[in-house]
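1. Structure for this input, please:
(chains A, B, C and D)
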Amino acid sequence: MTDLAPRLGRDVIAMRVAREFGDGDVVNLGIGIPTLCSDFVPPGVQLMYHSESGLLNCGPLADDGHGDVDLINAGGQFLSPIPGMAYFDSAEAFAMIRGGHIDVTALGALQVSATGDLANWFLPARGVGNVGGAMDLAAGAKRVIAAMEHNGRDGTPKIVPECSYPLTGKGCVSLIVTDIAVIEVLPGGAGLQLIEHAPGWDAASVQSQTEAELEVSPDLTEITLV
Amino acid sequence: MTDLAPRLGRDVIAMRVAREFGDGDVVNLGIGIPTLCSDFVPPGVQLMYHSESGLLNCGPLADDGHGDVDLINAGGQFLSPIPGMAYFDSAEAFAMIRGGHIDVTALGALQVSATGDLANWFLPARGVGNVGGAMDLAAGAKRVIAAMEHNGRDGTPKIVPECSYPLTGKGCVSLIVTDIAVIEVLPGGAGLQLIEHAPGWDAASVQSQTEAELEVSPDLTEITLV
Amino acid sequence: MPIDKTVNSFTEAVSDISDGAVLMIGGFGGAGGMPHLLMLALRDQGARNLTIIGNTAGIAAPTGFGWPDGVEPIDHAVLIENGQIAKVIASFPVSGSVSRPNAFEKGFRAGEIELELVPQGTLAERMRAAGAGIAAFYTPTAAGTMLADGKESRVFGGKEHVLEHALYADFALVRARTADMVGNLAYTGTSRTFNPPMAMAAKVTIAEVDEIVEPGGIDPERVDTPGIYVQRIVARPPASGGGMVLP
Amino acid sequence: MPIDKTVNSFTEAVSDISDGAVLMIGGFGGAGGMPHLLMLALRDQGARNLTIIGNTAGIAAPTGFGWPDGVEPIDHAVLIENGQIAKVIASFPVSGSVSRPNAFEKGFRAGEIELELVPQGTLAERMRAAGAGIAAFYTPTAAGTMLADGKESRVFGGKEHVLEHALYADFALVRARTADMVGNLAYTGTSRTFNPPMAMAAKVTIAEVDEIVEPGGIDPERVDTPGIYVQRIVARPPASGGGMVLP
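-> Model prediction:
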């Protein structure tokens, strides 16, 4: 089926995710689209960023050529310092994650299931993978947002009744933000609810790109970014 | 039975315990006689003191009137600073203890059993007691030395076949130093071996003050402090 | 608005502690590292039927244990004597001397206060576990003793271990030397003790500090309790700063 | 003699690591916080059949991940390419790119190296548990995933938790900025990562540092890894100090 309208760019997905952040939230951003969210935090919202590399309150990415090998994020990118940072080791960094001290994490996804299961770490075809901190974030963060393209490069739906890829965490995702829709995972495994669609898309066209069944919110709207 | 000879003073017990410390050992000294050990460390032996109050490498007790409320030992006594100290919290202080990083601890005792069980925290008559860090030290230190008077004030033997007081730890004591004897707890619950006696005492007179049976070492000697 | 966790008064800092709340109170027992003014404010606030968790349940006065001569200790006794405490979870709940019982011991003997006695290291580790998302852990401490009665145990590496559970609290009242406005804390010397693991374990951590500084006022290498664990900070009046015990 | 844990050369520092030893190697993956010169010394020493535990098993070169442009990474690959490694325990063992496999991935595919994959937080916590005398603990991480296959699990507070065991090592090779002679370590910035929990978990911890100072040269408030966890310290040559990557 041909797309009804253009899909949103990765920046716009990040922009929409960033609207979920509340003032004062502790936020952990995964690699990929989530990293972009920090560029789109709404005015008046002050966040405390957490990184598995052992850092609270990091500044933005550092300009190329000004990297400090002792100031990196979990993806190995150089950061710049800001006032009010704190450094700690990996045991403490993950105590924070596992202990429920992260308000929101945004993670990339290979698949999300109808009950909020997340698969984002293992491509069976490779036969070996990196789990990194993904399972800890999935299990520990108060709120997990999946930030992802709605379909794979070959068009395969990534929002599915049940994940076929190995899981990162069970029932952990509470919101899915894609390049065509925003979907809530209903509590208690009650399924998925479409709450927003990209401009030019509608409930039927989003459903046609989605293998899992979507309940349509009575308040369904177009994605707004303001 | 009347004592054959005078009993050793608390200082002398501490002096004998201190001979057990090896150069470079990490040592934790309990309240009472053990605290005195630091005054009698043999020349050439450098120790690293550990305190449950969150301190490694503490200096000696501070002079009265010069106390810093933020530099105390586990008994609430003021300490003086020395170069090379490190401060940490209670979770870390007990990680060190439980994790086997303390080479030797000397603890006071109400009773020690023939298999090295230690009772040193609870007087049933009071009905309520302080456990503090005693059970952690008993379970975690590589070597536990009981430093104690051989008998209670009323003459009751404190080295017994089985402890009647509630235990601090099972089979944890490896050496008992008292005011009349030095006794090894044999590994694997194989009983007690008398290895040294105070001047003027002998195996029979020590046994007469001891409810548990003592095997006599073929190398039995008088306690030496040099 | 930049993050600023400052609360302007001790009264305000403890205002929402309700009857029946579970509280951790920092420090070791002596004068250092204890949130004296938060305890006094909680006494005045009056919440009842509280559970308090800490190393001690107050030291008997007059005392030593790190209290300067001639200074009347401010500790858990102010809450106990005010009838606010239903239960104590501690490792060192009574005074060192039978003949000088502290307020807790009197209440315990009168059957008014319940006690859960926990080895000091297990207490700290149970707090850290709560803060670190570890539901339970196996420790060798207390195996084979009456403090393991009724608990699951299991042998690892030939040694018996006891299963101990995470210990959570609604509020932690902690004490630090310095806070920055985002809630990072730095302590002094042996005043850390139970404050850092308590800050991890509580839903709401309230830090009483000598000084509140701008972000950046604490070296990020020197932060002991990262601000992620701290919800409110309140400064002692200037006259009580600098390690002094009283307001 | 005052305590002095200084060892005079990297060669001497690793001389007693024997075939079949279990090693932890510090750092996160990038240039910061990794014991480069200890790894090179271990390569030259030649011990074989080693198990190495760490966050990564080496990053594919040429790379980013905190390595300055134009600098050839020194990491686990120097040991893997030399045929010394039998098993890897890691959370991030392969490169980010299928098309640029690292030395570990090649060895793994060839069936020469065994892998135990562990979530990053569980890996750090298992090390801390080993150092802290906690035999095992229940974590929610990985519950319901293939990394929990064959493991005990149990529900606490309505949430499934997996039983994970302490992870010990014979040696830890760690990297810090400064050591004092008694073995206290201070790190810089995000170079802490796995170094502190590894120092706790190993029987013998060997610290590669930029600078060794007299006792007192590190503020006792600023010590990250207390000397109780450190058995040997060895200084990088002056030219490699100050955060530079190479000797």
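2. going forward, measure contacts and count neighbours with C-alpha atoms only.
-> Fine.
3. how about the helices in the chain?
-> The chain I'm using is chain A. A:10-18, A:33-36, A:90-98, A:134-140, A:203-208 (DSSP state H).
4. wait, chain C
-> Going by DSSP H, chain C shows helices at C:10-13, C:36-45, C:77-80, C:103-109, C:120-132, C:195-201.
5. Return the most buried member of those helices.
-> Of all the helices of chain C, helix C:195-201 carries the top mean neighbour count, a mean of 31, counting by mean count of other Cα atoms under 10 Å in any protein chain shown.
6. what's that helix in contact with?
-> For helix C:195-201, contacts defined as Cα atoms under 8 Å, 6 or more residues apart in numbering or on different chains pick out B:89-91, C:24-27, C:33, C:124-125, C:127-132, C:167-169, C:172, C:174-176, C:205, C:224-225, C:229-230.
7. change it to 7 Å
-> B:89, B:91, C:24, C:26-27, C:124, C:127-128, C:130-131, C:168-169, C:172, C:174-175, C:205, C:225, C:229-230 (Cα atoms under 7 Å, 6 or more residues apart in numbering or on different chains).
8. roughly how far is that helix from the heart of the chain?
-> Averaging C-alpha positions (Cα atoms, centre = their mean, to the nearest Å) puts helix C:195-201 8 Å from its chain's average.
9. what does stretch C:27-46 give?
-> With Cα atoms, centre = their mean, you get 9 Å for stretch C:27-46.
10. ok, residue C:218 to chain B distance?
-> 17 Å (Cα to the nearest Cα, to the nearest Å).
11. same deal with residue A:168?
-> Residue A:168 sits 30 Å away from chain B, going by Cα to the nearest Cα.
12. What about that residue, how many residues nearby?
-> 32 (other Cα atoms under 10 Å in any protein chain shown).
13. Tell me who's in contact with it.
-> A:118, A:119, A:120, A:121, A:134, A:135, A:138, D:142, D:145.
14. got those as JSON lines, with distance to residue D:2 and pLDDT columns?
-> Below are those laid out as JSON lines (distance: Cα to Cα, whole Å; pLDDT from 0 to 100):
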{"residue": "A:118", "distance to residue D:2": "55", "pLDDT": "98"}
{"residue": "A:119", "distance to residue D:2": "55", "pLDDT": "98"}
{"residue": "A:120", "distance to residue D:2": "53", "pLDDT": "95"}
{"residue": "A:121", "distance to residue D:2": "51", "pLDDT": "95"}
{"residue": "A:134", "distance to residue D:2": "46", "pLDDT": "97"}
{"residue": "A:135", "distance to residue D:2": "46", "pLDDT": "98"}
{"residue": "A:138", "distance to residue D:2": "49", "pLDDT": "98"}
{"residue": "D:142", "distance to residue D:2": "47", "pLDDT": "98"}
{"residue": "D:145", "distance to residue D:2": "51", "pLDDT": "98"}
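15. farthest pair in those?
-> A:120 and D:142 (12.8 Å; Cα to Cα).
16. Comparing the two, which shows the higher neighbour count?
-> Each of residue A:120 and residue D:142 has its neighbours counted (other Cα under 10 Å); residue D:142 has more, 26 against 21.
17. and that one, backbone torsions?
-> phi 80, psi 0 (degrees, to the nearest 10).
18. That one and residue D:120, how far apart?
-> Remark: distance between residue D:142 and residue D:120 (Cα to Cα, to the nearest Å) = 11 Å.
19. Also residue A:115?
-> Taking Cα to Cα, one finds residue A:115 at 25 Å from residue D:120.
20. Of the helices of chain A, which is nearest residue D:37?
-> It is, among the helices of chain A and with distance given as Cα to Cα, helix A:90-98, at 22.3 Å.
21. Please save the CA atoms from that closest one in PDB.
-> Listed in PDB are the C-alpha atoms of helix A:90-98, where the atom choice follows Å, rounded to 0.1, in the frame of the first residue of the first chain:
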ATOM      1  CA  SER A  90      28.600   1.900  36.500                       C
ATOM      2  CA  ALA A  91      27.300   0.200  39.600                       C
ATOM      3  CA  GLU A  92      25.800   3.500  40.700                       C
ATOM      4  CA  ALA A  93      24.700   4.600  37.200                       C
ATOM      5  CA  PHE A  94      22.600   1.400  37.000                       C
ATOM      6  CA  ALA A  95      21.400   1.600  40.600                       C
ATOM      7  CA  MET A  96      19.700   4.800  39.400                       C
ATOM      8  CA  ILE A  97      18.200   3.100  36.400                       C
ATOM      9  CA  ARG A  98      17.100  -0.100  38.100                       C
END
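22. ok, that helix near chain B or not?
-> No. Judged by Cα under 7 Å from any Cα of the partner chain, helix A:90-98 makes no contact with chain B; its nearest approach is 11.9 Å.
23. I'd say residue C:175 and residue C:207 touch.
-> Yes. Using Cα atoms under 7 Å, residue C:175 is in contact with residue C:207, at 5.4 Å.
24. quick one: contacts of the helix or strand of chain A with the lowest mean pLDDT?
-> Using mean pLDDT, DSSP states H and E, the weakest-scoring helix or strand in chain A turns out to be helix A:33-36, at a mean of 94. Here helix A:33-36 makes contact (Cα under 7 Å, 6+ apart) with A:10, A:11, A:14, A:29, A:106, A:107, A:108, A:147.
25. so which of those would you say is closest to chain C?
-> Nearest to chain C, judged by Cα to the nearest Cα, of the contacts of helix A:33-36 is residue A:29 at 15.7 Å.
26. And the residue of chain A that's closest to chain D?
-> For chain A, Cα to the nearest Cα, closest residue to chain D: residue A:76, 3.9 Å.
27. tally of neighbours for residue A:44?
-> What residue A:44 shows, counting by other Cα under 10 Å, is a neighbour count of 11.
28. pLDDT wise, what is it at?
-> At residue A:44, the model reports a pLDDT of 92.
29. With chain B as the reference, measure out to it.
-> Distance from residue A:44 to chain B, by Cα to the nearest Cα: 36 Å.
30. where does chain A come near chain D, residue by residue?
-> Residues of chain A lying close to chain D by Cα under 7 Å from any Cα are A:53-55, A:69-72, A:75-78, A:87-91, A:94, A:129-133, A:135-136, A:139, A:166-170.
31. if we go to 6 Å?
-> Residues of chain A lying near chain D by Cα under 6 Å from any Cα of the partner chain: A:53-54, A:69-71, A:76, A:87, A:89-91, A:94, A:130-133, A:135-136, A:139, A:167.
32. Now narrow the contacts of helix C:195-201 to whatever sits close to chain A.
-> residue C:131.
33. And for the longest strand anywhere in chain A, what's in contact with it?
-> For chain A, the longest strand by residue count, based on DSSP state E, is strand A:214-222. Identification of contacts with strand A:214-222 by Cα atoms under 6 Å, 6 or more residues apart in numbering or on different chains yields A:192, A:193, A:194, A:195, A:196, A:197, A:198.
34. Return the subset of the residues you listed lying in strands.
-> Using DSSP E, those in strands are A:192, A:193, A:194, A:195, A:196, A:197.
35. give me the number of residues near the last one?
-> Summarising burial for residue A:197: neighbours were counted as other Cα under 10 Å, giving 23.
36. just residue A:104 next, same as before
-> Neighbour tally, residue A:104, other Cα under 10 Å: 23.
37. In contact with it, which residues are there?
-> A:27, A:143, A:144.
38. mind checking pLDDT for the last one?
-> Predicted confidence (pLDDT) for residue A:144: 98.
39. out of the contacts of helix A:33-36, which touch chain B?
-> Of these, not one also sits near chain B (Cα under 6 Å from any Cα).
40. Filter these down to the buried ones.
-> A:10, A:11, A:14, A:29, A:106, A:107, A:108, A:147 (16 or more other Cα atoms under 10 Å in any protein chain shown).
41. From residue A:39, how far off is the last one?
-> So the one you mean is residue A:147. The value you get for residue A:147 to residue A:39, if Cα to Cα is used, is 15 Å.
42. how about stretch C:107-114 as CSV, C-alpha atoms only?
-> Output of stretch C:107-114 as CSV, limited to C-alpha atoms (Å, rounded to 0.1, in the frame of the first residue of the first chain):
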residue,chain,number,x,y,z
GLY,C,107,8.9,2.9,75.2
PHE,C,108,9.9,-0.6,74.1
ARG,C,109,9.7,-2.0,77.7
ALA,C,110,6.3,-0.3,78.0
GLY,C,111,5.1,-2.2,74.9
GLU,C,112,4.5,1.1,73.1
ILE,C,113,7.2,0.7,70.4
GLU,C,114,7.9,-2.2,68.2
